[in-house]
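Novice: sequence-free structure coming up:
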């Protein structure tokens, strides 16, 4: 539901900028899906390197927590402009990253990791992907 809201808010920004076409809805949605698919694949690769089990639906759910943050950021940007948007972006991306850090740290058992890649660095990278994708997907020339 928050994905749909984000797509509509991003499309609204295109409309305010005078560049809306029906193709914008499809472009924004497909961009979201491709970004999330790449994020899930990268996190799944990290789980594989750690030799830890994970379920695909869980990864889709955890990476989907970016959309409420993106919606809040867009609403703040529409209402107050670019500077408050950046402050809101820093807060929501940090909060989502922290949530993912704690979630993934809880899901990757320390006993499963046998040598190889350090668990802490991989889990920190997982949280970093959420912060990066919130920033990446929220970029727009129509803000402000």
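Specialist: All right, it came through fine. For clarity, every value in this text was computed on a predicted model and none was experimentally measured.
Novice: could you use CA atoms for every contact and neighbour count after this?
Specialist: Fine.
Novice: poorly predicted segments of the chain, please.
Specialist: By pLDDT under 70, the weakly predicted segments of the chain are 111-117, 141-144.
Novice: that one: helices as residue ranges?
Specialist: 2-16, 22-49, 56-63, 66-80, 82-107, 119-138 (DSSP state H).
Novice: what residue is smack in the middle of this structure?
Specialist: Averaging the C-alpha coordinates of the chain gives a centre point, and the residue nearest to it by CA atoms, centre = their mean is residue 66 (3.8 Å).
Novice: and the closest residue in space to that residue that isn't next to it in sequence, how close does it get to residue 65?
Specialist: In space, residue 66 comes closest to residue 134 once its chain neighbours are excluded; the distance is 6.1 Å by CA to CA, 6 or more residues apart in numbering. Here the criterion is CA to CA, to the nearest Å. By it, residue 134 lies 10 Å from residue 65.
Novice: give me the more crowded residue out of these two.
Specialist: residue 134 (24 against 18; other CA atoms under 10 Å).
Novice: ok, the more buried one touching residue 94?
Specialist: No: the pair residue 134 / residue 94 is not scored as a contact, 9.7 Å apart, by CA atoms under 8 Å.
Novice: identify the contacts common to the two.
Specialist: Here residue 134 and residue 94 share no contacting residue, scored by CA atoms under 8 Å, 6 or more residues apart in numbering.
Novice: got the phi and psi for residue 65?
Specialist: According to degrees, to the nearest 10, the main-chain angles of residue 65 amount to phi -70, psi 0.
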